[in-house]
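Enquirer: With the sequence up front, the predicted model follows.
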Amino acid sequence: MPVLPSWLIEPLWDQFAALLPPRPQFDPAHPMGCHRRRISDRIMFDKLLQVLRFGCSYEAIADSTCSATTIRNRRDEWMELGLFVRLKQIALEAYDRVVGLVLDQVAVDGAITKAPGGGEAAGRSPVDRGKQGMKRSGMSDGYGIPLGRILAGANRHDSPLLAPTLDLLGELGPLPDVITVHLDAGYDSAASRAVLDERNLRGRIARKGTRAPVQATRRWHIERTHAWQNAFHRLARCYERRTAVIEAFFDLADTIITVRSLICRAWTTHRWDTRLRRRP
C-alpha cells in the first residue's frame, strides 16, 4: 500500500530533490577508486515517509534496497543540511502565495502523546499513569495550517509554553497589525494575559468553570491540526529519543499537511497541467 497518494508525494519529492546537493554515485576518496554505489535519495525519502506514516521501526522498514543504519545516516545527513526545515518553509510560502495564511486568527494549544522510549522531550504523563509522554505546544493559523511547535515533557503545563510558542510568529515574516490568539481555559491566567500584552496580541481565552463547545470559537482549528499530526503514527507514539530528530519528523509531517491543503483548496480556483480530474 502506498504511504501517500502519487498526487501528493510527487510534488513533495520534486521540491525536496531540488534542495539536495549534488553527490557522486561513488565515493571519490576511496583508496581503490571504487566503492559501492550510493543508495538513491528517492529510496531514502520513501523509507522516511513510511517510518513517519506507519510508525514502524527502521529495522522493520529496511529491506534489500537499504539497511536501517543507512536510513538513519541519511536522515541525520539531511538534518544537518537543514533540508526538512527548508522544505517546510517553502511549503508555507507557496501556501501563503496561492491561498493565503490566515495570520490574523491564530490558535495555540497543547497535546500529549506517548513516548515509550523516553528521551530529551519526554516526561511523566499525568494522563497515562505516569508513563513517559511528550507534549507539543502547537500553533496554527485560522484554517489549521501548522505554523510551528514547542516540544516538552508531558508533565509541563500549557501556560509556560505559550511565550516560546508565540515567539515562533517572528519566523513568518510580515504579520497583520492585529492578531487574535484563541486559547482554551488552561491559559485563563494573569500570566498568559501578560504574555499576550507583551507581544501586542489580542487574546480570546475560554473562562475556567464556563462550559462552551470548542465549535463555538476558533480553537477547533488547532484541535484539527493535532488530529492531522497524530495520523502520522511516528508522532502519535514517538520512539525517537533526540529532540532534533522529532523536530525533523514534525517538519516533514507539517509539510505534507500544508501541501495537501494547498492542492485541495487550489483545486477549485486554479488550473495546472497535472491537475486531478476529481477533487482530492
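Expert: Noted; the coordinates are in hand.
Enquirer: Could you use CA atoms for every contact and neighbour count after this?
Expert: Noted.
Enquirer: Just the element for the closest residue to Phe45 other than its chain neighbours, please.
Expert: Nearest non-adjacent residue to Phe45, counting by CA to CA, 6 or more residues apart in numbering: Trp13, 7.8 Å away. Per DSSP states H and E, Trp13 falls inside helix 6-19.
Enquirer: Can you name every helix or strand that that helix contacts?
Expert: helix 83-98, helix 243-266 (3 or more CA pairs under 8 Å, 6 or more residues apart in numbering; DSSP states H and E).
Enquirer: any idea of the angle that helix forms with helix 83-98?
Expert: Following axes from the mean of the first three to the mean of the last three CA atoms, to 10 degrees, one obtains 120 degrees for the angle between helix 6-19 and helix 83-98.
Enquirer: what about dumping the CA coordinates of helix 6-19 to CSV?
Expert: Provided in CSV are the C-alpha atoms of helix 6-19 (Å, rounded to 0.1, in the frame of the first residue of the first chain):
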residue,chain,number,x,y,z
SER,A,6,1.0,10.0,-6.0
TRP,A,7,-0.5,13.4,-6.5
LEU,A,8,0.9,14.3,-3.1
ILE,A,9,4.2,12.5,-2.9
GLU,A,10,5.5,13.6,-6.4
PRO,A,11,5.4,17.4,-5.7
LEU,A,12,7.0,16.7,-2.3
TRP,A,13,9.8,14.8,-3.9
ASP,A,14,10.4,17.2,-6.7
GLN,A,15,10.9,20.1,-4.3
PHE,A,16,13.0,18.0,-1.9
ALA,A,17,15.2,16.8,-4.7
ALA,A,18,15.8,20.4,-5.8
LEU,A,19,17.2,21.1,-2.3
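Enquirer: which residues are contacting it?
Expert: Here helix 6-19 makes contact (CA atoms under 8 Å, 6 or more residues apart in numbering) with Arg42, Phe45, Leu83, Leu87, Ile256, Val259, Arg260, Leu276.
Enquirer: Also stretch 191-207?
Expert: Contacts to stretch 191-207, defined as CA under 8 Å, 6+ apart, come from residues 159, 162-163, 178-185, 187-188, 212.
Enquirer: With neighbour count, pLDDT and distance to Ile145 as extra columns, can I get the residues you listed in JSON lines?
Expert: Listed next are those as JSON lines, based on neighbours: other CA atoms under 10 Å; pLDDT from 0 to 100; distance: CA to CA, whole Å:
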{"residue": "Ser159", "neighbour count": "18", "pLDDT": "92", "distance to Ile145": "22"}
{"residue": "Leu162", "neighbour count": "23", "pLDDT": "95", "distance to Ile145": "18"}
{"residue": "Ala163", "neighbour count": "16", "pLDDT": "95", "distance to Ile145": "20"}
{"residue": "Val178", "neighbour count": "12", "pLDDT": "94", "distance to Ile145": "19"}
{"residue": "Ile179", "neighbour count": "17", "pLDDT": "94", "distance to Ile145": "16"}
{"residue": "Thr180", "neighbour count": "18", "pLDDT": "94", "distance to Ile145": "16"}
{"residue": "Val181", "neighbour count": "24", "pLDDT": "95", "distance to Ile145": "15"}
{"residue": "His182", "neighbour count": "24", "pLDDT": "93", "distance to Ile145": "15"}
{"residue": "Leu183", "neighbour count": "26", "pLDDT": "92", "distance to Ile145": "16"}
{"residue": "Asp184", "neighbour count": "20", "pLDDT": "89", "distance to Ile145": "18"}
{"residue": "Ala185", "neighbour count": "14", "pLDDT": "88", "distance to Ile145": "22"}
{"residue": "Tyr187", "neighbour count": "24", "pLDDT": "92", "distance to Ile145": "21"}
{"residue": "Asp188", "neighbour count": "16", "pLDDT": "89", "distance to Ile145": "24"}
{"residue": "Ala212", "neighbour count": "10", "pLDDT": "64", "distance to Ile145": "24"}
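Enquirer: Great, nothing more from me.
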